[in-house]
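S.K.: No sequence on hand, only this structure:
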C-alpha cells in the first residue's frame, strides 16, 4: 500500500515536469511569432549573423505585435501555395486510403481465403519497413512510369500504406458475429453488410486512421524531398525551412498557423484515436498469439 502511494506521488511529481518540457518549445514558438523585427534581432541576432555569440532567451516578447501574422497572411502568397500543396497531398492520400484500406481490412477480418495468413504477415512486414529501405525501389518505379516530380509521386505510395489496414482489421473483427449473422438471415449480401453494418460500426477505427494519416502526411518531409524537385509543388514541410533565411519573423508565425489544423484535428478526434490505438495494440497481441 505504501509503495502504491509512493509511486502515485512520484508520478504526480514527474508528470508536471514532463508536461512543462513538452509545452515549453510551443510557448517559445508562440512568443517568437509575436516579436517584431528589432526584438528578433536583439534576441537571435547572434545566431542569424553566425557570430558565435550567445542568444538572449525570452519567454515573453517585450513588445508583442501581430505584424508577422499580417505579413504572412496578406503578403506571402508562396505560403498559401505550399499550404494548398500540403492540403492536396494529405487529402489525396487519405481519400485513397479510405477506398483501399477499409475494404482490405474488412476482407482480412471477415473472410477466410487461401494464403490469408501469409498475406497478412506480408502486410505487417511492409508496415515495419522504414521509408529509407524502400526509397530507392520507389524512386525507380516512379521514374519508370513517369510520375517523378508530380503530386502523384507522393500520393500514390501513401494510398497503399499498410498501417490503416493493420488498425482497421481489429476494429472490424470486434463487431459481434451475431449482428452479421442476423443480417445474413434477413437476406443481406456481403456488400450490403459491409456498407450498412461494417462501416457504421467501424467509424471509430476509421476516424483514428484518418487522424493518424493526417498527422503523418501533413508533416511528411522525406517523401516530398525525394520525389519533388519543383519548388512550386513543395508542401509546407519543405517550404518552412526556406523561410528561416529570408522571412525569420514570418517563419515563426507560419509554424503556428501550420500547427493549427493538426492540433484541432487531434483534440477533436482524441477519443477515436484512443480507440484506434487500443485496436492496434489488440492486433499486435493477436499477431503474437498466431505466431505461438
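M.R.: Received the coordinates, thanks. Model, not experiment: these values are computed from the prediction.
S.K.: Am I right that residue 39 is in contact with residue 62?
M.R.: Yes: counting by CB atoms under 8 Å, residue 62 is a contact partner of residue 39 at 6.1 Å. Where you see a C-beta, it was placed from the backbone N, CA and C, and this is true even at glycine.
S.K.: Which one's more surrounded, the two?
M.R.: Using other CB atoms under 10 Å as the criterion, residue 39 and residue 62 rank with residue 39 on top: 19 against 10.
S.K.: where's the more buried one relative to residue 259, distance?
M.R.: Distance, residue 39 to residue 259, using CB to CB, to the nearest Å: 22 Å.
S.K.: If you count contacts, what does the strand or helix carrying residue 86 end up packed against?
M.R.: Residue 86 is part of helix 77-110, with elements assigned from DSSP states H and E. On a contact count with 3 or more CB pairs under 8 Å, 6 or more residues apart in numbering; DSSP states H and E, helix 77-110 meets helix 116-128, helix 152-159, helix 163-173, helix 203-218, helix 236-246, helix 248-268.
S.K.: deepest of those helices, which one?
M.R.: Per-stretch averages of neighbours, counted by mean count of other CB atoms under 10 Å, single out helix 163-173 among the helices and strands packed on helix 77-110, with a mean of 24.
S.K.: elements contacting it?
M.R.: helix 77-110, helix 116-128, helix 203-218, helix 270-291.
S.K.: how about JSON lines for the helices and strands packed on helix 77-110, with mean pLDDT added?
M.R.: Listed next are the helices and strands packed on helix 77-110 as JSON lines, based on pLDDT from 0 to 100:
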{"stretch": "helix 116-128", "mean pLDDT": "84"}
{"stretch": "helix 152-159", "mean pLDDT": "91"}
{"stretch": "helix 163-173", "mean pLDDT": "86"}
{"stretch": "helix 203-218", "mean pLDDT": "87"}
{"stretch": "helix 236-246", "mean pLDDT": "82"}
{"stretch": "helix 248-268", "mean pLDDT": "83"}
